[in-house]
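Engineer: using only what follows, build the 3D model:
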Amino acid sequence: MHNSSLFDETTFYKQFSKDLRSCKTEVIIESPFITSDRMATLYPIFEKLIQRKVNVYVITRDPSEHSDVYKKQSEAEIQRFESLGVQVFICLGNHHRKLAILDRKILWEGSLNILSQMKSREIMRRIEKKETAGEMFRFLKLERFI
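Structural biologist: Got it, this is the predicted structure:
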């Protein structure tokens, strides 16, 4: 049996931030949207991860597929990520997955856009099991990039 817990938009970021701060080797986040408001709360954590030599990967939707407001924010935040040392992968074709794999032992998956969520009602499941996180890594064929 594995450790699985459910979170909503009111409880997710407290546990996710704690998990991020505990990462030792690798963070992979798939989030189709990236907004400046959400990133303002997450950048201090990402900066510390990079300083500690944790590899951080962000997979996101091509900004050209967003409306103007989201396009500009996404482009700016992607540039900021890259200047920080985060490896960003841009996906074409209406990318919509929302998940995170932390140290290949914690999997977060659900409906919440991790790098943009502010007001919507969402759900995320946290699974702490190396085999399940590895299964998702392989299912998404991330070894091609990471």
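
Engineer: drop to CA atoms for contacts and neighbour counts, all remaining ones
Structural biologist: OK.

Engineer: all strands of the protein, in order?
Structural biologist: Assigned by DSSP state E, the chain shows strands spanning 3-8, 26-30, 55-61, 87-91, 99-102, 106-110, 123-128.

Engineer: residues in contact with the last one?
Structural biologist: Around strand 123-128, the neighbours that count as contacts under C-alpha atoms under 8 Å, 6 or more residues apart in numbering are 2-9, 12, 105-112, 133.

Engineer: okay, the angle between the helix or strand bottoming out on mean pLDDT in the chain and strand 55-61?
Structural biologist: Of all the helices and strands that make up the chain, helix 68-84 has the lowest average by mean pLDDT, DSSP states H and E, namely a mean of 91. If you take axes from the mean of the first three to the mean of the last three C-alpha atoms, to 10 degrees, helix 68-84 sits at 160 degrees to strand 55-61.

Engineer: what angle sits between helix 68-84 and strand 87-91?
Structural biologist: Going by the same axes, to 10 degrees, helix 68-84 makes 150 degrees with strand 87-91.
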